[in-house]
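Visitor: test case, fold it:
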Amino acid sequence: MNPFLLDERLARDSQSILELSLCDVRLSKDSRWPWLILVPRRANVSEVFDLSLEDQQLLWAEQVMVAQALQSVTQATKINIAAIGNVVRQLHVHVVARFEGDANWPAPIWGFGTAEPYAIADFDAMKTKILGVIA
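Guide: Numbering: from 1, shown residues only. The predicted model follows:
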């Protein structure tokens, strides 16, 4: 059995803040949007249907829990959830808080502009807020 390895782009662009039963919950380093990424810790998985039925159900439950937490913390206009994977093939689910008037509202965030890194204190504050409602 192959071990789970995190794609280097996900590792570079986000930081792990919590491990759930199935997923590594990662906070994107791009401060333009509060943005979480769930990565199921399963080797060689690129599609939701590659997961076992049990893991599919667990993924659904975890993404709903994380989305509700992000909504609670941010009071976003809309929570976007997407598993696209055209560039990074490893299965991962984006959970993004969107606001009317944000950097690219109402258009998609993908490929828009240049990432703006968090100040360390701001990243830590967002992490703490999210963990405060999930845990």
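Visitor: what's the closest non-adjacent residue to the residue nearest in space to the middle of the chain?
Guide: Geometric centre of the chain, nearest residue: residue 37, 1.5 Å, by Cα atoms, centre = their mean. Closest residue to residue 37 apart from its sequence neighbours, by Cβ to Cβ, 6 or more residues apart in numbering: residue 26 at 4.4 Å. Every residue, glycine included, has its C-beta placed from N, CA and C.
Visitor: that neighbour: what's it in contact with?
Guide: By Cβ atoms under 8 Å, 6 or more residues apart in numbering, residue 26 lies in contact with 10, 14-17, 36-39.
Visitor: quick one: mean pLDDT over the helix or strand containing it.
Guide: Using DSSP states H and E, residue 26 sits in strand 23-28. What strand 23-28 shows for mean pLDDT is 98.
Visitor: how far off centre is it?
Guide: Remark: strand 23-28 is offset 5 Å from the chain centroid, using Cα atoms, centre = their mean, to the nearest Å.
Visitor: before we move on, what about stretch 34-48?
Guide: With Cα atoms, centre = their mean, you get 8 Å for stretch 34-48.
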